[in-house]
Every structure is written in C-alpha cells, then in structure tokens.
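S.K.: what's the 3D shape of this:
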Amino acid sequence: MSQPLLGMGLPALEAWAKQHGQAAFRGRQLHDWLYAKGARQLADVSVLPKGFREQMAGQPPDGSLDWMGRSRELHRSVARDGTTKLLLGTHDGLSIETVGIPAEGRLTVCVSSQVGCPMACRFCATGKGGLQRSLAVHEIVDQVLSVREVMEQRPSHVVFMGMGEPLLNIEAVLDAIQCLCTDLGMAQRQITVSTVGVPRTLPRLAELALERLGRAQFTLAVSLHAPDQRLREELIPTAHAYPIEALLDDCRRYVAITGRRVSFEYILLGGLNDQPRHAAALAQLLRGFQSHVNLIPYNPIEEEEFQRPTPAAVDGFRRALQERHVAVSVRASRGLDADAACGQLRRRLEGSLEPVLAR
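M.R.: Numbers count the residues shown, from 1 in each chain. Below you'll find the model as predicted:
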C-alpha cells in the first residue's frame, strides 16, 4: 500500500525515488522540499523532472489527494494575543484542530493525535463528539508545517495536547516525534506528550520510546484534574476503569524505565476542585514524586456549566502547593477570544465548513 511522502525520513525518500526509477539524490531533493520548503504538492517540486511529476500525479497514494500528504486549511481563527487556531481538512473529509501559540522568542504548536476523542472528559469540547479515527504520521507532522507556514515562524516546541488521546495512537505519535526531531531539527526536550491515562500504556510508551527513538527525552504530562478517585471519575468518566493509584503506579514505572520525571496537569474548575483542601490532598497524593504540577485555569465551553476559577483561587491553590514543597506553575490562558479550548472551533463550525484557501 502506498503512503504519503510526508513523515518519511531521508533514507525512505531515497528508497522511494529509486523505486520509482529516479536517482537517490532525488530523494534528498524531496526531503528538502518537504521539510525545509514545505511543498504542498509533488508538482511544486520544480527540481524534479517534469515528466516524472506528471507521471506520478496520476497515481497518488491510497486515500490521499497528492503524494505530499498535506492537508487543506478550512478555517483560521486569530486571537488578539496572536494565538492562531487552524482547522485542517483531511483526505477523507474530516477536520482536525491545531494551534500556534506565540510567546517571546518561541512558538509552541499544539497538535492533535486523533479526530475527536473517546475519553469523554466533561470539561473538554473534543470529547463531546466521540472518536472518529486516529491520525496518521503525516497528518500529525502536517499540523506543525501548517502552523509554521501560516505564522511564518519556525516552531520551537510541540505539545500533544490537542484533540485525542495520544496513548491510544502511540506508534504514530512516536513516529511523528522521530520525524519532528530527525527531519525538522527539533529536540525531544522541546516536545510534550499529554495523556489523561490509559490502563497499562505508560510502561509500554516508555519501552517503545527507547526502542523507536533510542531515548525518551520528551516530557510526559499526565492529566489528573482531581486529587481523589471520586472527583476524577466525575470529571473523566473513563477514569472508573483506571483507579488513580494504578495510574500513579504506572507513572512510577515510567520514571524507572526512562529516568525522566513526570509532569502533572490539573485543570482548575471554579468552586469544584480549586480550593486549598484540594491542593493539600493533591500534594499528599504526589508525595515521593520528583514532579511538576501545571495548573490550568478552565476555558469555558457551551455544553457544560463549569466556571472559570477566580484569580484569587488560582493563586491560593498555587501557594498551597508551594507551601508543601510541590513545584508548580500556572499556565497563562491564551486565545480566549479564538475558541482556544480543545475542540471548540471544530464543533462551532461543524457542518458549515468551506475551505478558506484553495489548495
């Protein structure tokens, strides 16, 4: 079965060129045009023989419109702070979200790993529509290229915190990380993989990362969002099959295999899990971990009545953790005027999408 060129490394592209009757150096040219120049169609690669391009145009890979494997931009939403959310169209008529988050001296790309999500977190718009399918490697890497293209800036960091549960698409996620590092020149330490937790997958992620990447230097961020099992199940219905103690045991196994610390994410929901007693319980839960807690003030969505925490509650929660010697930071809210929470833009435009750019 044929596959798009995007996501292939240099050796694979050289082999592809030879397989199709071209010299190996044509694969090196393709690599440059794919990753450095961001070519969208094979026909755009003007250094390739015209006859070859015309020949290949008539036989694109299975399920793709063109050999390059690039997506179409369906919609663009830009917030006042420069945060840019793109809605991208896949070859099979689905849509995925990616976000470019600029800051001084850096550009973070938040990528999706699935179309939709099966985890059904109540505070997340993505899970409201369920899961449609997992993304292929080229569809993940394309998100980074698309943000680079639109924002005219080289991404410095990538976070798997968009649509979907990365641990339900482990192999494609790891292959995408390898591509980002080997072909786009990023460092693993600039990449974060965020998960709400899938039973028995964290040790497998650690072992596969060592096998596929040679080392596991990306950051693992585990979404807790509650300091106890009862409240966690209320917020994340799928958590009933994965007790918080078992999740933390798997985190310890991940640390033992990789030697890397785990970050914990905690979304603050006004009046529900943002009180000092919750912070004290969270600190007790994480005793013994060399970890970092990232606090995330909630971005409201229409389908739920959760409230955004007050600044005083956020600061009180942070101080309560610090007093208990827990490393903690508060994620600055970005793009609140651009449907920045996961899945919001896609759900708002669902059923009325028209490409804003002809690709």
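
S.K.: Show me where this structure has its helices.
M.R.: 10-19, 24-31, 50-57, 137-151, 170-182, 202-213, 229-235, 244-258, 276-285, 311-323, 344-349 (DSSP state H).

S.K.: most packed of those?
M.R.: Of all the helices of the chain, helix 137-151 has the most neighbours on average by mean count of other Cβ atoms under 10 Å, namely a mean of 23. In this view, the C-beta of every residue, glycine as well, is placed from N, C-alpha and C.

S.K.: what sits up against it?
M.R.: 3-7, 35, 38, 69-71, 73, 76, 84, 86, 88, 90, 96, 98-100, 102, 107, 109, 111-113, 154-155, 158, 162, 172-173, 175-176, 179-180, 184 (Cβ atoms under 8 Å, 6 or more residues apart in numbering).

S.K.: now with 6 Å?
M.R.: By Cβ atoms under 6 Å, 6 or more residues apart in numbering, the residues outside helix 137-151 that reach it are 4, 6-7, 38, 69-71, 84, 86, 98, 100, 109, 111, 155, 172, 175-176, 179.

S.K.: Select, out of the helices of the chain, the one closest to residue 330.
M.R.: Residue 330 lies closest to helix 311-323 among those, at 5.9 Å (Cβ to Cβ).

S.K.: Summarise which helices and strands the lengthiest strand in the chain is packed against.
M.R.: In the chain, taking DSSP state E as the definition, the longest strand is strand 95-103. For strand 95-103, the elements it packs on are strand 84-89, strand 106-110, helix 137-151, helix 344-349, judged by 3 or more Cβ pairs under 6 Å, 6 or more residues apart in numbering; DSSP states H and E.

S.K.: Can I get it in PDB, CA atoms only?
M.R.: C-alpha atoms of strand 95-103 as PDB (Å, rounded to 0.1, in the frame of the first residue of the first chain):
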ATOM      1  CA  SER A  95     -11.400  18.100  10.300                       C
ATOM      2  CA  ILE A  96      -8.700  18.500  13.000                       C
ATOM      3  CA  GLU A  97      -7.500  21.400  15.100                       C
ATOM      4  CA  THR A  98      -4.000  22.700  15.700                       C
ATOM      5  CA  VAL A  99      -2.900  25.800  17.500                       C
ATOM      6  CA  GLY A 100       0.100  28.100  17.200                       C
ATOM      7  CA  ILE A 101       0.900  29.800  20.500                       C
ATOM      8  CA  PRO A 102       3.500  32.600  20.200                       C
ATOM      9  CA  ALA A 103       5.500  34.000  23.000                       C
END
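
S.K.: For the helices and strands packed on strand 95-103, give me CSV that also has mean pLDDT.
M.R.: Formatted as CSV, the helices and strands packed on strand 95-103 follow (pLDDT from 0 to 100):
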stretch, mean pLDDT
strand 84-89, 98
strand 106-110, 98
helix 137-151, 98
helix 344-349, 56
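
S.K.: No further queries at this time; thank you.
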